[in-house]
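**Q** Build me a model from this:
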Amino acid sequence: MTDIFLEGGRALIGAEFVETSLTVSGQDIAAIDASRGRARLAIDARNLLVLPGIVDLHGDAFERQMMPRAGVDFPIDVALADSDRQAISNGITTVFHATTCSWEPGLRSADNARGLMEAIERQRPQFAADTRFHLRHETYNLDAEAEISQWLAEGRIDLFAFNDHMDGTVGDMDKPRKRNRMVERTGLSAEDFDRLVERVVARAAEVPVSVARLAAAARSAEVRMLSHDDASPAMRQEFRALGAEIAEFPVNEETARAAASHGDAIVYGAPNVVRGGSHTGWTKASDMIAKGLCSVLASDYYYPAQLLAAFRLAADGVLPLAESWNLVSAGPARATGLADRGVLADGRRADILLVDDGVPLRPRLIAVISGGRLVHLTDATRLVAATSTPREAVVAA
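**A** I've put the predicted structure just below:
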């Protein structure tokens, strides 16, 4: 692996931006405030921000690569390769593909989740981003419990979330537009979809025991757990008692405060920040951030959102950039137990972004280093020629 020297730049070191140079050796940051030494590849980072790579613990935008239109499918390997390029080009160097495993057939079925997991495992060496599997288990998908328990035991799941969208599904049955969208996603006829929902709802009494068994399996496998859309402090407490210490998109301030009071990681969607509010009409993420009730921003359904959100928070005076960047890098790394990344420091994984912040609210990504490899470059004039080798010799070679 080629050593890399980043010359100059305003690097986020700890809680401050410092004019300095970095060297990368192998997969790690070798030294800060360093000279070029023997590094064969050098990049001029002067007048750029040097930031830790983004960690995305919940992103499902890959679904649009798999099914760009209702009923239009593309091969999983093609969709994942394209999603990797999108993640990297938006500064995401660690990506957890949030894969729904539902009682529905089609895009969010157990069969599709299995296929995604297997494809990620096959393609992982080819990806530029460190790509991991976040399984979002719909708690009413009782028939999948045994297989999921096996996946947990085999170490094939990197994050495990409990989802329960059944109330919303039942509530949307009388709303033609939303109901039609659900039906199209499953590929069923309207009548078959109605019958399926009726059968699934009839097993509601079995759900709590199934959740408890799966939580025990995740604890045994030391897989971190999340609960999704917690609606009350009591719900948050129930999942915390099961070992789910990440609150994903709590729907109101009361629940977020209950999570914060116990030291839980609290996740909101970066698109919420960029758009100025939730598309569902629920909690406004920037308000929660201002009140200290958010520790992680995830891409959710839009890969560019994390990069944009950090700069939006700084521009709006919600947080200084050094703190807002923690929400997309150090915070999610800490929540997922990845102690080797999320900050720029000697010996940490070399996930590094070079960003031009010259245009307010529109940061421009110049280069991405992921695991010590230069995987994205938009300005080749930033490459610095080797001083020890005449240019003519390089060209001739």
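**Q** Going by C-alpha atoms from here, please, whenever you check contacts or count neighbours.
**A** Fine.
**Q** got the contact list for stretch 327-344?
**A** 11-14, 29, 51-57, 159, 224, 246, 265, 294-298, 306-307, 310, 326, 348-352 (CA atoms under 8 Å, 6 or more residues apart in numbering).
**Q** how about that stretch: buried residues?
**A** 327-336, 340-344 (16 or more other CA atoms under 10 Å).
**Q** Figure out the length between the terminal residues of it.
**A** 15 Å (CA to CA, to the nearest Å).
**Q** same check, this time on stretch 282-295
**A** 18 Å.
**Q** how far does it sit from the chain's center?
**A** 18 Å (CA atoms, centre = their mean, to the nearest Å).
**Q** which residues touch it?
**A** 250-253, 256-257, 260, 265-270, 272-273, 276-278, 313, 318-319, 327, 331-332.
**Q** now those residues: which count as buried?
**A** 250-253, 256-257, 260, 265-270, 272-273, 277-278, 313, 318-319, 327, 331-332.
**Q** So which of the buried residues of stretch 327-344 sit within helices?
**A** Among the buried residues of stretch 327-344, the ones falling in helices (DSSP state H) are 330-335.
**Q** I'd like these as JSON lines, with pLDDT and distance to residue 39 appended.
**A** What follows is these, written out as JSON lines (pLDDT from 0 to 100; distance: CA to CA, whole Å):
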{"residue": "330", "pLDDT": "98", "distance to residue 39": "27"}
{"residue": "331", "pLDDT": "98", "distance to residue 39": "31"}
{"residue": "332", "pLDDT": "98", "distance to residue 39": "31"}
{"residue": "333", "pLDDT": "98", "distance to residue 39": "28"}
{"residue": "334", "pLDDT": "98", "distance to residue 39": "31"}
{"residue": "335", "pLDDT": "98", "distance to residue 39": "34"}
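**Q** quick one, phi/psi of the spatially most central residue of the chain?
**A** The structure's the chain has its C-alpha centroid closest to residue 56; by CA atoms, centre = their mean the separation is 1.9 Å. Main-chain torsions, residue 56, degrees, to the nearest 10: phi -110, psi 100.
**Q** and the nearest residue to it once chain neighbours are set aside, backbone torsions?
**A** Distances taken as CA to CA, 6 or more residues apart in numbering put residue 95 closest to residue 56, at 4.9 Å, once the chain neighbours are dropped. Taking degrees, to the nearest 10, you get phi -130, psi 130 for the backbone angles of residue 95.
**Q** Kindly report the same for residue 356.
**A** In terms of degrees, to the nearest 10, the main-chain angles of residue 356 are phi -90, psi 120.
**Q** For it, list the residues it contacts.
**A** Residues in contact with residue 356 (CA under 8 Å, 6+ apart) are 47-49, 363-366.
**Q** and with 6 Å instead?
**A** 48, 363-364 (CA atoms under 6 Å, 6 or more residues apart in numbering).
**Q** go on, residue 324?
**A** Taking CA under 6 Å, 6+ apart as the test, what residue 324 contacts is residue 310.
**Q** Which of the three states applies to it?
**A** With DSSP: H, G, I helix; E, B strand; the rest coil as the basis, residue 324 sits in helix.
**Q** Next: residue 162.
**A** Criterion first, three-state DSSP; result for residue 162: strand.
**Q** can you pull out the strands in the stretch 101-250 of the chain?
**A** Applying DSSP state E, counting those that start in this stretch to the stretch 101-250 of the chain gives strands spanning 130-138, 159-163, 224-228, 246-248.
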